[in-house]
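Engineer: the following block contains a protein sequence and its predicted model.
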Amino acid sequence: MTDKTDTTSTTATTDSPEAVQAPASAKPSRRSVLGWGGAGLALGAAAAGGTATALRLGEDAAPAASAGDAVPFLGEHQAGIATPVQDRLHFAAFDVTTTDRAALVKMLQEWTAAAARMTAGHEVGEGAVQDNDELPPDDTGEALGLKPSRLTLTFGVGPGLFEKDGKDRFGLKGRRPKALIDLPAFPGDNLDAARSGGDLCVQACADDPQVAVHAIRNLARIGMGKVAIRWSQLGFGKTSSTTPDAQTPRNMMGFKDGTRNIAGTETDRLGKHVWVGEKDGPDWMVGGSYLVARRIRMHIETWDRTSLAEQEDVFGRDKAEGAPVGKQREHDEPLLKAMKPDAHVRLAHPDSNNGVTILRRGYSFTDGTDGLGRLDAGLFFIAYQKDVRDGFVPLQTNLARNDALNEYIQHVGSAIFAVPPGVRDKGDWWGKALFA
Ligand code: HEM
């Protein structure tokens with residue numbers, strides 16, 4: 001990691017997430033930048049021409065291998081949605097356990113400060129090896145020496161934050177967006193409550209799994225006593241692409257996945273299908289999006305005993321090239337009528353769903369066995385859209401009823417979150433406009 005990954009100035013204040021990032025020109029030091037609450041000291045060091053940048057311990061100051069090593073944290077939209085998809089995922093859903101609104105707000109401010117630092121490749125707070133060895137370190141340390149790895153941390157709020165068991169826990173009930181619905185039950189669902197729902201979520205994506213895991217772990221640590229991990233999911237082998245010129249990844253069924261997705265550069269389509277606009281509201285969600293996560297178990301042992309011809313019929317694309325039925329190349333326009341009526345691509349295509357278009361950002365998973373001698377493997381499906389009522393819900397209603405793929409999959413976990421817009425500036429934090 002290098003100095004050039006720093007994106008902020010030295011004008012930050014002590015109560016801002018930006019305060020914990022370092023000036024571009026500062027020299028690296030592993031103990032010099034303090035986190036939330038210690039930011040004033042960090043700025044003091046910077047102002048004095050001191051060593052106000054904390055690279056992770058073990059990093060040298062050599063230039064980063066690739067310019068894409070750190071993804072800017074601040075912006076109109078949160079990173080991790082239109083951002084080119086990273087290789088690894090650690091997704092965590094949290095239950096809010098505190099009843100104290102002020103404590104929750106403080107934690108969200110601390111989360112934001114830590115997220116700003118970790119995405120830039122810095123240690124949390126005073127770091128993993130701070131001066132006072134009588135105290136537990138602020139940072140857990142397992143990312144020391146690792147590059148930022150294009151880490152993005154994307155924050156969302158679930159229905160339970162607004163109301164739980166009939167209680168308006170934090171005075172937010174009236175602020176719940178209409179689009180943040182409780183998802184309906186779909187045919188074939190076999191949902192495990194312990195792997196579903198959540199009051200808050202953080203999607204950590206990075207090219208290095210340890211960086212993603214470190215980020216979630218440190219946020220959980222900061223949140224201790226205020227939030228508890230409800231469930232978390234590791235993912236590998238991205239199953240979507242938001243960069244169409246890159247090679248399309250393959251899913252656990254061996255097929256290219258993400259061929260037809262919204263690209264991160266397609267501003268118009270993102271505006272039309274993904275970002276909440278001013279007229280959509282509510283105000284605190286403008287520039288945000290809605291996330292649906294589904295843990296989809298694949299019966300890969302059955303799939304692996306299925307003929308190639310049948311496998312290709314199920315998707316409506318060929319396995320080697322990923323071309324739609326009757327076409328030569330992966331990116332040729334699909335001819336839906338040439339596919340079987342129950343082919344996944346035919347049924348999921350916008351033309352079969354009144355134009356419904358979502359941004360997919362899923363990952364493969366394998367989590368040991370199912371206890372019956374089979375791998376617990378599948379797709380951790382993540383979709384972003386402007387409104388789930390015009391996105392995931394009609395699409396999944398169609399797929400759950402008709403998709404040939406249903407013979408080989410089962411939805412076992414489900415969650416929905418409202419993902420607010422990006423953290424704009426030094427005074428902003430995750431959820432600020434919601435709690436305003
Ligand atoms: C384990 C479950 C699933 C697997 C293995 C799977 C796999 C695939 C594959 C291989 C493609 C073709 C390549 C591409 O365009 O990306 C595709 C397309 C697509 N899938 Fe899925 N998918 C799954 C679940 C879902 C679900 C739950 C949804 C939405 C509710 C969905 C929505 C789509 C859409 C919108 C397309 C693009 C259709 C087009 O425009 O041509 N998929 N999927």
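Structural biologist: On my side now, so go ahead. Numbering: from 1, shown residues only.
Engineer: and the nearest residue to residue 141 once chain neighbours are set aside, helix, strand or coil?
Structural biologist: Distance criterion CB to CB, 6 or more residues apart in numbering; nearest residue to residue 141, sequence neighbours excluded, is residue 128 at 3.6 Å. To be clear about C-beta, it is placed using only N, CA and C from the backbone, and glycine gets the same treatment. Secondary structure assignment for residue 128 (DSSP: H, G, I helix; E, B strand; the rest coil): coil.
Engineer: what's around residue 128, how many residues?
Structural biologist: 20 (other CB atoms under 10 Å).
Engineer: try residue 107
Structural biologist: Residues within reach of residue 107, counting by other CB under 10 Å, total 22.
Engineer: that one against residue 223, yeah?
Structural biologist: Yes. Contact status for residue 107 versus residue 223: in contact at 5.4 Å, counting by CB atoms under 8 Å.
Engineer: so how far is stretch 114-124 off the chain centroid?
Structural biologist: 16 Å (CA atoms, centre = their mean, to the nearest Å).
Engineer: still on that earlier bit, now do the residue nearest to residue 141 against the ligand, distance only.
Structural biologist: 38 Å (CB to the nearest ligand atom, to the nearest Å).
Engineer: distance of that residue relative to residue 162?
Structural biologist: 36 Å (CB to CB, to the nearest Å).
Engineer: and the residue of the stretch 301-436 of the chain found nearest the ligand, its phi and psi?
Structural biologist: Relative to the ligand, the nearest point of the stretch 301-436 of the chain is residue 348 (3.5 Å; CB to the nearest ligand atom). Per-residue torsions, residue 348: phi -90, psi -10 (degrees, to the nearest 10).
Engineer: quick one, what contacts it?
Structural biologist: Residue 348 is in contact with 395, 398-399, 403, counting by CB atoms under 8 Å, 6 or more residues apart in numbering.
Engineer: which residue comes closest to residue 254 once chain neighbours are left out?
Structural biologist: Residue 254 sits nearest to residue 319 (CB to CB, 6+ apart), 6.1 Å away.
Engineer: show me where this structure has its strands.
Structural biologist: 88-96, 152-157, 200-206, 227-238, 289-298, 359-360, 363-369, 375-385, 409-419 (DSSP state E).
Engineer: which one of those strands lies closest to residue 314?
Structural biologist: strand 409-419 (10.1 Å; CB to CB).
Engineer: tell me the pLDDT at the residue in the stretch 1-150 of the chain that the ligand sits nearest to?
Structural biologist: Using CB to the nearest ligand atom, the single residue of the stretch 1-150 of the chain nearest to the ligand is residue 85, 12.2 Å away. Residue 85 is assigned 94 on the pLDDT scale.
Engineer: surely it meets residue 205?
Structural biologist: Yes. Contact status for residue 85 versus residue 205: in contact at 7.1 Å, counting by CB under 8 Å.
Engineer: the more surrounded of those two?
Structural biologist: More neighbours surround residue 205 than the other of residue 85 and residue 205, with 31 against 26 (other CB under 10 Å).
Engineer: quick revisit: dump the strands of the chain into a markdown table; add distance to residue 178 as well.
Structural biologist: Shown next, in a markdown table, are those (distance: least, CB to CB, whole Å):
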| stretch | distance to residue 178 |
| --- | --- |
| strand 88-96 | 22 |
| strand 152-157 | 14 |
| strand 200-206 | 20 |
| strand 227-238 | 24 |
| strand 289-298 | 11 |
| strand 359-360 | 21 |
| strand 363-369 | 29 |
| strand 375-385 | 14 |
| strand 409-419 | 11 |
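Engineer: as a markdown table, those strands with mean pLDDT would be great.
Structural biologist: As requested, the strands of the chain are arranged in a markdown table below (pLDDT from 0 to 100):
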| stretch | mean pLDDT |
| --- | --- |
| strand 88-96 | 98 |
| strand 152-157 | 98 |
| strand 200-206 | 98 |
| strand 227-238 | 96 |
| strand 289-298 | 98 |
| strand 359-360 | 98 |
| strand 363-369 | 96 |
| strand 375-385 | 97 |
| strand 409-419 | 98 |
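Engineer: which ones are touching the residue lying closest to residue 285 once chain neighbours are set aside?
Structural biologist: Leaving aside its chain neighbours, residue 285 sits nearest to residue 276 (4.7 Å; criterion: CB to CB, 6+ apart). Residue 276 makes contact with 179, 285-290, 386-387, 421, according to CB under 8 Å, 6+ apart.
Engineer: looking at residue 55 now. What's its pLDDT?
Structural biologist: At residue 55, the model reports a pLDDT of 47.
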